[in-house]
Structure formats: structure tokens, C-alpha cells
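[1] What shape does this take:
(one chain, ligands or ions: 3)
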Amino acid sequence: MSLIIQKFGGTSVSNSDSLKTVAKRITECKDAGNEVVVVVSAMGSSTDELIELASELSNEPSPREMDMLLSAGERITMSLLAIHLNNLGYECFSLTGSQAGIITSSRHGMAEIEEITGERVKEGIEKGKIVIVAGFQGVNKETREITTLGRGGSDATAVALAASLKADRCEIYTDVDGVYSADPRIIKEAKLIDEITYDEMLEMASSGARVLMSRSVEFGRRYNVPIIVKSTFTNNKGTIVKEKTMEEAIVRGVTHNDKETKFTLFGVPDQPGIAGKVFSPLSEGGIIVDMIVQNVSKDSKTDISFTAPSDQKEEVMKILTELSKELDAEGADSDIEIGRVSIIGAGMKAESGVASKMFSILGKNKINIGMISTSPIRISCVIPKDDMTKAIEALHQEFISK
Ligand code: ADP
Ligand code: ASP
Ligand code: MG
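    Ligands and ions are numbered 1, 2, ... in the order given. Sure, this is the predicted structure:
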């Protein structure tokens, strides 16, 4: 008997018909003799709708109340699914993240899973019941407050639960057939990837392939949980994320992210320790800083630029405006009209000339590169937002389709 975690994303549970399709997947798995724990997301785009509602009432809603609000989305799905499964004659019950013992840090909106006690989940499994857990949420022990894990966080709930229950595998069901060589909604010729390593998937997820939340891949890698990404609506075998793959690709995928903003702090006195003074308050404020560039200094002053998620723009600008006064700098600015394209592949480590080829392709297409960052298996370029689709198409054509 295997223990399988099945996670269903928003588009897989958007109405009662899709909930019935999801129930069929669950009961087939159960009827085949497996133990099943299910993790669900909020229905369709209901999380976005709740955020929109809150923004109509306040420019700065309290993070605590936002978590109370958003965690309700997953509760609706879990109980509707349990009602349907019970009606089909299956013993099944639903649990909120808190009831399932998902213990997190206290940071509202971006909490980290610290521990999963999972007692009620284990009790349910022992009694042969199907347990449904609300994704994306947990509770902090000290504050006793409900928290959420950040957008796409149900993936993290699923893989962390799989690790803690020592499940045989974690199946992530979504609206596409698996992980593709580029977003299949943008690149029609994108290829379905059969196998991908945790390292490559982590780079793809953190550079914009939203099919898996990057923290879920981190859990998978740390606890060696096989993750399978597949469609709720077709029978294709999907993509398996694991430690090693049969073949090592030089470029496995092309990703993009158009949800980042470039920030610049101008005329900062160029002294030892200045970068620490700039980035410490940003990290204390929970800002996820990505690419950083410090310009050549002129008259002992320099400009420091970095990228961060666009939805943190207001917090970043507040911190930078204060920093500018404190450090006697010459002000701060933001540019939202940027995008980031990346190429990812483990085979890049052993291949020279990949970066220069990427830059030449962008150059040939008259796309200006504003910032560059690399890891051993990824190269990313910040480019004008308007050139994003052209860049993804050109890079995919050169590195994958050729
Ligand atoms: P869910 O609601 O199931 O969690 P998401 O919307 O979070 O689904 O993720 C699935 C979406 O991710 C797909 O519809 C697809 O447009 C997008 N996506 C972006 N890059 C990729 C990629 N490389 N492979 C597959 N899907 C991708
Ligand atoms: N409902 C949450 C979101 O939309 C979590 C998830 O779908 O994974 O981000
Ligand atoms: Mg998702």
C-alpha cells in the first residue's frame, strides 16, 4: 500500500463539475488500494478576487486580516470536496492548515513552514479515511495567528506534507500537462519535459515558471520527495521532478518573470559597509531582493540598483526614501517596465559559450540587456517588458526547438 499526496490547484477546482473530476482522480487512487491525502487550493481565481475586494476597502489592509481573509478560500474548496466525496460513499473529512498541524513562522503573507505535527491527518489515514487539507495556510505557535505561505503556497503545503508523512510521492495536478520548456500559454511549440532535476526545477520556479512554487521544490529536494506534475483533465504521464535525470540538457527551459520592478538608489556615498546598510533594512522588511548592480563610482558616489517583486513596490520605496535621507544619498526611483528572461539547464556547467550565445540572440533581436545574473545552471537578463515575448520566442527557438 502506498501513501500518495494529491494536490489540486485553483483551475482544477473552479466549479462543481471540476470538483467532480477531481473526486474521480482521488477515488480511483483510493480504490487502487492506496492511502490518499489531498491538498486543495482556493477555487479558480477566488484568491485574486478576495485581494481585490480588500483593496476596495483599504490601501493598507492589516496583514493579519488579509491572512484571515485569504485562508478562507481554501476552506471553501476543502469542505465542498469532502461533502461530495461523502456523498459518493467515501469516508472523508477536511482540515484547515491549523487543524492539520502546519506550524509556520509568524510572517503574515509569506510564512515559512517550520514543522508539521499532522496528528489528525495521521489518525485519518490510520482509519482508512481520505483526508483533505487546505493548502496555503498554517498557524504560528507563539502568536496563535493564522498565516498564509505566499502565492502558489498550496504546492508547498503538499510537498511538505509528503515529506513529513514520508509519502511515496506527491502528485501536483494542474491545468497543463506538466512542466514545459517554456510557458505553454506563450510558446505554442513548448515541449513537455519528462524528467527534470530538483536543481533545475528550483531555478525554473524561482525565475518565473509558476507551475510549481519554488519552496515546494526546496522541500522536495531536501527530503527527496518524488514530485509529479500532471494535468487534472488529461491522462498524460506528466513531468517527474527528482534528484537525477537520464539525460543532462544544456538548456532545459526558458522562463520569464514580468512581475519584478527595478529600484535604484542614486548617489550613495561609496564607502565600505554601505551595501550592508542598504540591504539590511530591506531584508528585515521581508523584501525579496533579486538581482543587484552597483555602478562605477563617480566623485565618491555610486548608484545601487536591484530588482524585487512588483507587489512589494510600496514597501521598497518607503524603505529607500528613508535610507536616502539617512545615508545622504540623492533619492530613489523605480522602473516597472522591465521583465526578466532566463535559460536553465544542468548541462550548462560543462559547456562554454552559452551566456555569450544568449546575449548575441538578444542583441540580434535588438533587445537591450539592463542587468545580468547567473548561477551555475541559469543565466538571467533584465530587458524591457515590451520585448519579453520576442525574447522568449527567440531563445526557445535557438536553444530548444533547433
Ligand atoms: P494551479 O492553479 O494548478 O496551481 P498555476 O496557475 O499556479 O496552476 O500554474 C500553472 C500555470 O503555470 C500554467 O497554466 C502555465 O501557464 C504556467 N506556466 C508558466 N511556465 C510554465 C512552464 N514552464 N511549464 C508549465 N506551466 C507553466
Ligand atoms: N490560493 C493561493 C493562491 O492563489 C494558493 C495556491 O493556489 O496555491 O496563491
Ligand atoms: Mg499554483
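
[2] only C-alpha atoms for contact and neighbour calcs from this point on.
    Noted.

[3] where along the stretch 101-250 of the chain do the helices fall?
    Along the stretch 101-250 of the chain, counting by DSSP state H, counting those that start in this stretch, helices occupy 119-126, 154-164, 198-206, 214-223.

[4] how about these in TSV, adding distance to residue 396?
    Below are the helices of the stretch 101-250 of the chain laid out as TSV (distance: least, C-alpha to C-alpha, whole Å):
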stretch	distance to residue 396
helix 119-126	43
helix 154-164	27
helix 198-206	14
helix 214-223	22
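
[5] Pick the most deeply packed of those.
    helix 154-164 (a mean of 27; mean count of other C-alpha atoms under 10 Å).

[6] can you give me the mean pLDDT across the longest helix along the chain?
    In the chain, with assignment by DSSP state H, the single longest helix is helix 63-87. Mean pLDDT, helix 63-87: 98.

[7] same deal with stretch 280-292?
    Per-residue scores along stretch 280-292 average to 92.

[8] Other residues contacting that stretch?
    The contact list for stretch 280-292 (C-alpha atoms under 8 Å, 6 or more residues apart in numbering) reads 304-309, 312, 315-316, 319, 371-373.

[9] When you filter these down to buried only, what's left?
    Among the contacts of stretch 280-292, those classed as buried by 16 or more other C-alpha atoms under 10 Å are 304, 305, 306, 307, 308, 309, 316, 319, 371, 372.

[10] What residues of stretch 354-365 count as buried?
    354, 355, 358, 359, 361, 362.

[11] need the residues of the stretch 51-200 of the chain near ligand 2, please.
    136, 151, 152, 153, 154, 155 (C-alpha under 6 Å from any ligand atom).

[12] Now pLDDT and distance to residue 193 too, for those residues, in JSON lines please.
    Output for those, formatted as JSON lines (pLDDT from 0 to 100; distance: C-alpha to C-alpha, whole Å):
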{"residue": "136", "pLDDT": "98", "distance to residue 193": "26"}
{"residue": "151", "pLDDT": "95", "distance to residue 193": "24"}
{"residue": "152", "pLDDT": "97", "distance to residue 193": "21"}
{"residue": "153", "pLDDT": "98", "distance to residue 193": "23"}
{"residue": "154", "pLDDT": "98", "distance to residue 193": "22"}
{"residue": "155", "pLDDT": "98", "distance to residue 193": "19"}
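
[13] Mind picking the two most distant members of the residues you listed?
    151 and 155 (9.6 Å; C-alpha to C-alpha).

[14] Name the residues contacting each of those two.
    136, 213.

[15] Show me what counts as buried in the helix or strand of the chain with the lowest mean pLDDT.
    When the helices and strands of the chain are scored by mean pLDDT, DSSP states H and E, strand 292-294 comes last with a mean of 89. Of all the residues in strand 292-294, those buried under the rule 16+ other C-alpha under 10 Å are residue 292.

[16] so what strands line up beside it?
    Applying DSSP bridges to the sheet, strand 292-294 is found paired with strand 301-309 (antiparallel).

[17] Please save the CA atoms from the partner strand in PDB.
    These are the backbone C-alpha positions of strand 301-309, laid out as PDB (Å, rounded to 0.1, in the frame of the first residue of the first chain):
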ATOM      1  CA  LYS A 301      29.200  58.400  -5.100                       C
ATOM      2  CA  THR A 302      27.500  55.500  -6.700                       C
ATOM      3  CA  ASP A 303      24.100  54.200  -7.800                       C
ATOM      4  CA  ILE A 304      22.800  50.900  -6.500                       C
ATOM      5  CA  SER A 305      20.100  49.100  -8.500                       C
ATOM      6  CA  PHE A 306      18.300  45.900  -7.700                       C
ATOM      7  CA  THR A 307      15.100  44.100  -8.600                       C
ATOM      8  CA  ALA A 308      12.300  43.000  -6.200                       C
ATOM      9  CA  PRO A 309       8.700  41.700  -6.700                       C
END
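
[18] can you tell me the residue of the stretch 251-400 of the chain closest to ligand 2?
    Using C-alpha to the nearest ligand atom, residue 311 is the residue of the stretch 251-400 of the chain that sits closest to ligand 2, at 13.2 Å.

[19] Surely that residue is in a helix?
    Yes. Residue 311: assigned to a helix according to DSSP: H, G, I helix; E, B strand; the rest coil.

[20] So stretch 201-211, near ligand 2 or not?
    No. Stretch 201-211 does not reach ligand 2 (C-alpha under 6 Å from any ligand atom); its nearest approach is 9.8 Å.

[21] cool, stretch 12-25 as well?
    No. Stretch 12-25 is not in contact with ligand 2 by C-alpha under 6 Å from any ligand atom; minimum separation 10.3 Å.

[22] how distant is that stretch from the center of its chain?
    Taking C-alpha atoms, centre = their mean, to the nearest Å, one finds the center of stretch 12-25 at 23 Å from the center of the full chain.

[23] contacts for that stretch?
    Contacts to stretch 12-25, defined as C-alpha under 8 Å, 6+ apart, come from residues 8, 40-45, 77, 81, 84-85, 173-175, 232-233.

[24] and what of stretch 61-71?
    Contact partners of stretch 61-71, identified using C-alpha under 8 Å, 6+ apart, comprise 47, 50-51, 54-55, 108-109, 136-137, 145-148.

[25] Sort out which of the residues you listed are buried, if you could.
    Buried members of those, scored by 16+ other C-alpha under 10 Å, are 47, 50, 54, 108, 109, 136, 137, 145, 146, 147, 148.

[26] count of neighbours near residue 42?
    Per other C-alpha atoms under 10 Å, the neighbour tally for residue 42 reads 28.

[27] Contacts only, for it.
    Contacts of residue 42 by C-alpha under 8 Å, 6+ apart are 9, 10, 13, 73, 74, 75, 76, 77.

[28] One more: residue 159?
    Residue 159 neighbours (C-alpha under 8 Å, 6+ apart): 5, 170, 216, 217, 219, 220, 225, 227.

[29] Recalculate using a threshold of 10 Å.
    Residues in contact with residue 159 (C-alpha atoms under 10 Å, 6 or more residues apart in numbering) are 5-7, 39, 165, 167, 169-172, 215-221, 223, 225-227.

[30] Enumerate every residue touching the nearest residue to residue 337 once chain neighbours are set aside.
    Closest residue to residue 337 apart from its sequence neighbours, by C-alpha to C-alpha, 6 or more residues apart in numbering: residue 385 at 5.2 Å. Taking C-alpha under 10 Å, 6+ apart as the criterion, residue 385 is in contact with 257, 258, 259, 260, 336, 337, 338, 339, 340, 341, 391.
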